[in-house]
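Student: any chance you could fold what I've pasted below:
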Amino acid sequence: SSGINAEYGCFAKHVHAKDPKLLKHMRKQNDNDNNTQVPGLKVLEALGATGLRSVRFSKELGTLASRITCNDVSPEAVIAMKRNISHNDCQNITASTADACVLMCTNKNEFDVVDLDPYGTPAMFLDTAVQAVRSGGLLCVTATDLGVLAGNHIQACYGKYGGMPLKRVYCHEFALRLLLSCIDTHANRHGRYIIPLFSYKADFYVRVFVQVVQSQREVQKTTSRRSYVYDCAGCHSFHLQKVGVHTPGTQKVVAGRGPPVGSSCEECGNNFYIGGPIWSDPIHDLEFLGHMQQHLTGEGQYLGTIKRMSGMLTLAEEELPEIPLFYELSMLSKTIHCTCPPLTTFRSAILNAGYRVSLSHVCPKSIKTNAPPAVVWDVMRRWALDNGAKLREPETLAGKLLRKEVSLAVDFTLHPLAALDKHVHRFPPNPEPNWGPKARAGKRKTESSDDSGAKPRKTPKKEPLKDLKQFSCKRFEMNQCDLGDSCRYSHCTKENNSENANTEAELDNSMASSKISGESGTSDVAS
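Tutor: Numbers count the residues shown, from 1 in each chain. Prediction:
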């Protein structure tokens, strides 16, 4: 995962370095609009660890990066960092030992690119990061605390990111949008706003590439880019409520009016969970994705993850940009206890009804569509009824959903746009079994309980009893065991067991006494 993370980072920085708007801004910063020899990017890797990513930036970006500052607060990490920099002969990398927040706070508007990739949450670094990057610069943020963002710890998520998560089928895209909303909130405090260029979830983390721009006028419109989410507790229908509404062509923004739903769901009658606010504007820039795809095709053939990267970029380009969140086919089918329809069949029904549909890059069975929940459930109802779904009791959730009348003329005829190109690796398998996050890095313990340095032994586990014939069979005592001699337990009665035990005890005592007498006789002979 760290490999594809760094590869996306290199390509994003490469594309960003060739952005005409950024070049014009850099010339303006150097007080020479006619100077075509623009100095390279100033890059900050605030949490550099051993500096391997900065070394890669230096090697792959070349002259596009004039100065790379690789920082880490750990002195031991900086020693390894300097060793790696020297070994790879990277003249444009400067090692730094400082607190990341202090470094960014004391270097405001200094860097064209700031990269944050902490172990866990980046929340404590965001306020200084949006100040350290220049207007028009690139901010790259990774969050590996996906359990918090996805809704496993709602109190921690609200405290760190300022939003309420929802643990639903779209929780990973929800996590991305929560992170973007949090970054934008920090930027707004300093008269800045963000433009998401590329946002994705991979493996066990989320990563976003955003452009930070100075503009007080655009900051005033920021509430129109965020929404609360109303999610039905029963049928998974969801609705969005804008925090603010912007009037096009003006600077006027008014509070959003709502709620967009009643007190209960129109499909199943259940109440709603409320989550957010999340970033509800597009999370990708199609022009930026096109440049990345073009650069990957031209100069990324040496990468081992090129198929996975190309598939991810293709998915991002295919996503409906104005539609946040999605439905999941297997969850819809599970709700009404029916077989799951083929993805192409369901997509065809939505397209034949006059709506748009796409996948989400976070889920292979996702349905991202501008169709309202009533249309989605009409398609599922028609599919379930046509394929012999059992009509459940009226008071159950499945019974309520299936008994509602289908108001849409559903057409499952194959639509030309429903099929997906099978040659694109959209969702490749994990690279190895048990793929996931490793333990947090830290100092190794060198002290041990003995001089040999071996780890202390754990208490051995008790071995399970192998001979079960010493225990009587409970089913035999109740005249219910028909296994006979093949039974693992004894079929002797308790009286027989006690007699056998007494007999064995007498034999043991007699053998012990004979042994003692033999030993005493031997000692007499010796004397």
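
Student: buried ones in stretch 375-393?
Tutor: Under the neighbour-count criterion of 16 or more other Cβ atoms under 10 Å, stretch 375-393 has 375-384, 389, 392 buried. Where C-beta positions appear, they are placed from N, C-alpha and C, glycine not excepted.

Student: can you redo those residues as CSV with pLDDT, secondary structure and distance to residue 176?
Tutor: Output for those, formatted as CSV (pLDDT from 0 to 100; DSSP: H, G, I helix; E, B strand; the rest coil; distance: Cβ to Cβ, whole Å):
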residue, pLDDT, secondary structure, distance to residue 176
375, 96, helix, 26
376, 96, helix, 22
377, 96, helix, 26
378, 96, helix, 29
379, 96, helix, 27
380, 96, helix, 26
381, 95, helix, 31
382, 95, helix, 33
383, 96, helix, 30
384, 95, helix, 32
389, 88, coil, 34
392, 90, coil, 36
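
Student: how about low-confidence regions in the stretch 151-300 of the chain?
Tutor: 300 (pLDDT under 70).

Student: how about 80 then?
Tutor: Counting by pLDDT under 80, the stretch 151-300 of the chain has low-confidence residues at 298-300.

Student: let me know the closest of the buried residues of stretch 375-393 to residue 103.
Tutor: residue 376 (48.8 Å; Cβ to Cβ).

Student: surely the closest one is in contact with residue 367?
Tutor: Yes: with contact defined as Cβ atoms under 8 Å, residue 376 reaches residue 367; the gap is 7.2 Å.

Student: please enumerate the shared neighbours of these two.
Tutor: Common neighbours of residue 376 and residue 367, counting by Cβ atoms under 8 Å, 6 or more residues apart in numbering, are 327, 350.

Student: could you look up the SS state of residue 409?
Tutor: Under DSSP: H, G, I helix; E, B strand; the rest coil, the three-state class of residue 409 is coil.

Student: what do you get for residue 113?
Tutor: strand.

Student: what about it, how many neighbours?
Tutor: A count of nearby residues for residue 113, using other Cβ atoms under 10 Å, gives 25.

Student: tell me the bridge partners for it.
Tutor: residue 43, residue 138 (DSSP bridges).

Student: which residues touch it?
Tutor: 13, 16, 41-44, 133, 137-140.

Student: about what we covered before: next, format the buried residues of stretch 375-393 as CSV and append distance to residue 312.
Tutor: Shown next, in CSV, are the buried residues of stretch 375-393 (distance: Cβ to Cβ, whole Å):
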residue, distance to residue 312
375, 29
376, 26
377, 30
378, 32
379, 28
380, 29
381, 34
382, 33
383, 30
384, 33
389, 35
392, 40
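
Student: residue 404: which of those is nearest?
Tutor: residue 381 (6.9 Å).

Student: so that closest one is in contact with residue 403, correct?
Tutor: No: counting by Cβ under 8 Å, residue 403 is not a contact partner of residue 381; they are 9.2 Å apart.

Student: correct me if wrong: residue 356 contacts residue 369.
Tutor: Yes: counting by Cβ under 8 Å, residue 369 is a contact partner of residue 356 at 6.3 Å.

Student: out of the two, which sits in the more crowded spot?
Tutor: Each of residue 356 and residue 369 has its neighbours counted (other Cβ under 10 Å); residue 369 has more, 22 against 14.

Student: separation between the more buried one and residue 322?
Tutor: 11 Å (Cβ to Cβ, to the nearest Å).

Student: same deal with residue 299?
Tutor: 32 Å.

Student: same question for residue 271.
Tutor: 27 Å.

Student: pretty sure residue 311 contacts residue 426?
Tutor: Yes: between residue 311 and residue 426 there is a contact under Cβ under 8 Å: 4.6 Å.

Student: so what's the residue count around the residue nearest to residue 475 when sequence neighbours are not counted?
Tutor: Distances taken as Cβ to Cβ, 6 or more residues apart in numbering place residue 481 nearest to residue 475, at 3.8 Å, with adjacent residues excluded. Residue 481 is flanked by 14 other residues according to other Cβ under 10 Å.
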